[in-house]
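[1] Turn this into a model:
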Amino acid sequence: MSIRMEEDLTGKLLIAMPGMGDTRFDGSVIYLCAHSSEGAMGLIINKPTPDLKLEDLLEQLEIDAPAGSARPKSILMPVHFGGPVEHARGFVLHSADYGRSDSTLAVNDEFGMTASLDILHDIAAGDGPERAVMALGYAGWGPGQLEAEIAANGWLTCDASIDLVFAPENGGKWGAALKTLGVSALALSSTAGHA
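    Reported below is the predicted structural model:
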């Protein structure tokens, strides 16, 4: 069954519905970096990996950061589980104030995504974006796959705000995203209805 793409969801949030059937996405909020007739790509923004900070990743990659008071606070950000595809590859979703890398994808006027080491060097030096989420891996869909999952009541969509995406409290992002739609988590059902 082919689902027609009716709306470009690039720059929107996907909110996982209860009972969607894929435990990797339970309670997930995904920022969609790209969506077209060829498929979709996004990053889970609310699932930090336990005990892994950007500082640890920089050390593994042998990227030096200044010591003492010159050490940027941003290197202490958690590293997120971005999705099940290419989980060893890093992605940084960031505010649009950063665009120094040729590999930066300008998603829209507020957000960009960079998947090169340039941004990690810049963050370590204190020259990175004002706000960022570091993720390992991404969520990906083939042509029509995401549309089919939305039609099957797997996801809700909402607008993405800078404050929600980059909120330091990851545990509250799912509820906050639902709230933008005026939906209570208690009111959600895992079965689709048709009138």
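
[2] For residue 100, report the pLDDT, please.
    Predicted confidence (pLDDT) for residue 100: 68.

[3] Could you do residue 185 as well?
    pLDDT, read off for residue 185, is 67.

[4] Hmm, residue 86 is touching residue 135, no?
    No: between residue 86 and residue 135 there is no contact under CB atoms under 8 Å: 10.7 Å. All C-beta spots, glycine's among them, are computed from the backbone N, C-alpha and C.

[5] and the two? which has more neighbours close in?
    residue 135 (29 against 14; other CB atoms under 10 Å).

[6] and that one, what does it touch?
    43, 44, 45, 79, 80, 81, 82, 83, 90, 91, 92, 93 (CB atoms under 8 Å, 6 or more residues apart in numbering).

[7] Could you dump these into JSON lines and include distance to residue 32 and pLDDT?
    Formatted as JSON lines, the contacts of residue 135 follow (distance: CB to CB, whole Å; pLDDT from 0 to 100):
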{"residue": "43", "distance to residue 32": "9", "pLDDT": "97"}
{"residue": "44", "distance to residue 32": "11", "pLDDT": "97"}
{"residue": "45", "distance to residue 32": "11", "pLDDT": "97"}
{"residue": "79", "distance to residue 32": "20", "pLDDT": "94"}
{"residue": "80", "distance to residue 32": "15", "pLDDT": "95"}
{"residue": "81", "distance to residue 32": "17", "pLDDT": "95"}
{"residue": "82", "distance to residue 32": "12", "pLDDT": "95"}
{"residue": "83", "distance to residue 32": "11", "pLDDT": "94"}
{"residue": "90", "distance to residue 32": "18", "pLDDT": "92"}
{"residue": "91", "distance to residue 32": "13", "pLDDT": "94"}
{"residue": "92", "distance to residue 32": "16", "pLDDT": "95"}
{"residue": "93", "distance to residue 32": "11", "pLDDT": "96"}
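
[8] Could you measure from the most centrally placed residue in the chain over to residue 137?
    Nearest to the geometric centre of the chain sits residue 43, at 3.0 Å (CA atoms, centre = their mean). Distance, residue 43 to residue 137, using CB to CB, to the nearest Å: 8 Å.

[9] Could you say which helix or strand holds the closest residue in space to residue 180 that isn't next to it in sequence?
    Excluding its sequence neighbours, the residue lying closest to residue 180 (CB to CB, 6 or more residues apart in numbering) is residue 158, at 4.8 Å. Element membership of residue 158 [criterion: DSSP states H and E] is strand 155-159.
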